[in-house]
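S.K.: model this:
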Amino acid sequence: MSYPSLIWKKPLRECTETEEKIPENVLADLMLTGEMKDDTLAYFRRPCGAEEIPQRQGLFRILLEDEGFREKLKDLREQLSELQRIAGFLERAENPTERVMLFLPSLGRYFTLAKTFAELASRDGRAAEIGMYFERLCAEDVFRQAEAEYAQLMKNRRPELLYTIRGNEVSAAEGGEMLKDKLERYFTEMGVPEAIPNRKALLRTTDSTASAYAGVYYGFHAMCEQFYHKYAGAFMNGDRDFRTVFAYSGEIGFLLDASEYFIRLRDAGYPLTYPAVSAKKEVVLTGVVDASLAKRELRGKDVVPNDLLMAEEYREEKLAFYILTGANGGGKTTFLRACGLAVLFFLAGCPVTASSARIRMFDAVYTHFPANESFENSGRFVNEANRAEEIIEKTDENTFVLFNETYSGTDEQKSEHYSRRLADTMYERGVFGMFVTHIHALTGSRIPTLAAVIDENDENRRTYKIKRVGATSSSFAEDILEKYRLDRESLKKRLEGEHHAGT
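M.R.: I've put the predicted structure just below:
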């Protein structure tokens, strides 16, 4: 049986083939870039399946609560790194003698690694499943026999291991302690550290050096050669190829790095919950907050939580796609990010920053936020329209999409035309998502509307609450005018001037 993945429901060797269905710009738009290592973020671009989400959530539950488990995974990661280093020398061996001698330490480290993995059997969930797999592996006849012969080789011939070959390097050792380290200790204890000779870099061995070593220690080399020919086929081919386990490094790295990120959020007072995988086509978030606000050193208690209900059908209403409008600075983009991160984290099997959640499965996530780059070869509108069209072509009822002021780089009439077309297309296809816009003409239609609420007693005070509303008035236009340092009269004169210039 093949090595099982720690985080996927398929063999470990097949996991590198998982398609990245979430574009890289999504992570940047949701301000997740830089929060974790690039290798870790790559896992957020590969949504896992419905059966894989609970198993990952179980791993994160343990990681966030059990420091001992985190240390165990760190130990495994270090062992994997060392095994991969030694096996790398084995892969690059330039002659049969090197290959034979390097197979022994490679397999020895693999035996230790397998036994460490087997210790996970005492844990819960997926960790226990992996541990029990390695327990069975360690109990197999070929494993026990090879391990016993390895131990006998190391026990009976240790005095002859005065030279340790590491790839193309050779160093002196005696009784497990490097000879040069022992000399340094002696000179230091005698009070004459200045007598310690300068260390020289280890030299790459040559074919003749390796052959000479095999000649001097022909007995030991002959046993190592016999060991190699007996077990190389069992441990370097097929399902039991020990080099396959290197893929665990990335999986463990993802779990450790992501768990550290969520621990930081938890310590900053942000709520964390593990969403249920909903059998219905719905996204239900209660008390969701934007995790990216932690970048601004905002404590969780200072962030205003919001709720979201998306459903293919709810009380005879189609609530999959929303128009989101409201005053500038009212929290629209923050709410957009909060919901986007919740879905993204859920699809990676991670906790989300909310008090509770139920989320359906999605095949992909797309975002369209204002681009910051300059547009030398085309205008802003052309760029936005092209990017929006690419997303529209890919969307269906199994995608989650967030549009943030798309088509804002053109005149109002043109912007309304394209925005209405986009919103209608998303709504008719049953796409789940939201469209932030200041075009109030889009509100109050068949597409449900959300709005950033202002204080009833002070229209200049933002509450940062997002509520379901009907048609919104044009009162938010004042915010747009202020944004571009205009007033109604000057805007009217400008439009009239452009009209006359056009005629």
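
S.K.: restrict stretch 130-147 to CA atoms and write it as CSV.
M.R.: Presented in CSV, the C-alpha positions along stretch 130-147 are these (Å, rounded to 0.1, in the frame of the first residue of the first chain):
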residue,chain,number,x,y,z
ILE,A,130,-1.0,8.0,9.6
GLY,A,131,0.5,6.7,12.8
MET,A,132,-1.3,3.3,12.4
TYR,A,133,-0.1,3.1,8.8
PHE,A,134,3.5,3.4,9.8
GLU,A,135,2.9,1.0,12.7
ARG,A,136,1.9,-1.6,10.1
LEU,A,137,4.8,-0.6,7.9
CYS,A,138,7.3,-1.1,10.7
ALA,A,139,5.8,-4.5,11.5
GLU,A,140,6.3,-5.8,8.0
ASP,A,141,8.8,-8.6,7.6
VAL,A,142,11.1,-6.8,5.2
PHE,A,143,11.2,-3.7,7.4
ARG,A,144,12.0,-5.6,10.6
GLN,A,145,14.6,-7.7,8.9
ALA,A,146,16.3,-4.8,7.2
GLU,A,147,16.3,-2.7,10.4
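
S.K.: what comes into contact with that stretch?
M.R.: Here stretch 130-147 makes contact (CB atoms under 8 Å, 6 or more residues apart in numbering) with 1, 3-4, 6, 107, 111, 114-115, 117-123, 227, 230-231, 234-235. The C-beta positions use only the backbone N, C-alpha and C, and glycine is treated the same way.

S.K.: what about the helices in the stretch 251-400 of the chain?
M.R.: 332-347, 380-394 (DSSP state H, counting those that start in this stretch).

S.K.: which of those sits closest to Q57?
M.R.: helix 332-347 (9.2 Å; CB to CB).

S.K.: list the buried ones in that closest one?
M.R.: By 16 or more other CB atoms under 10 Å, the buried positions in helix 332-347 come out as 332-347.

S.K.: any idea of the mean pLDDT for that helix?
M.R.: Averaging pLDDT along helix 332-347 gives 97.

S.K.: and the strands in the stretch 151-300 of the chain?
M.R.: For the stretch 151-300 of the chain, applying DSSP state E, counting those that start in this stretch gives strands covering 163-166, 169-174, 177-178, 276-277, 282-288.

S.K.: which elements pack onto the last one?
M.R.: Packing contacts for strand 282-288, counted by 3 or more CB pairs under 8 Å, 6 or more residues apart in numbering; DSSP states H and E, involve strand 306-314, helix 332-347, strand 356-359.

S.K.: then the fourth one?
M.R.: Contact here means 3+ CB pairs under 8 Å, 6+ apart; on that basis strand 276-277 packs against strand 356-359.

S.K.: returning to what we had before: now, which of the buried residues of helix 332-347 sits nearest R70?
M.R.: When those are compared against R70 (criterion: CB to CB), the nearest one is F345, at 19.1 Å.

S.K.: give me the low-pLDDT residue ranges for this structure?
M.R.: For the chain, the stretches flagged by pLDDT under 70 are 17, 156-183, 186-187, 194-217, 372-378, 471-503.

S.K.: try 80
M.R.: Residue ranges of the chain with pLDDT under 80: 1, 16-19, 155-221, 371-380, 408-411, 444, 456-460, 470-503.

S.K.: helix or strand right after the longest helix seen in it?
M.R.: Ranked by number of residues, the top helix in the chain under DSSP state H is helix 67-91. Moving toward the C-terminus from helix 67-91, the next helix or strand (DSSP states H and E) is helix 96-118.

S.K.: name the helices or strands packed onto that next one?
M.R.: Using 3+ CB pairs under 8 Å, 6+ apart, helix 96-118 sits against helix 67-91, helix 125-139, helix 141-156, strand 163-166, helix 207-216, helix 218-235.

S.K.: care to break this structure down by domain?
M.R.: 12-168+204-253, 268-472 (automatic domain parsing).
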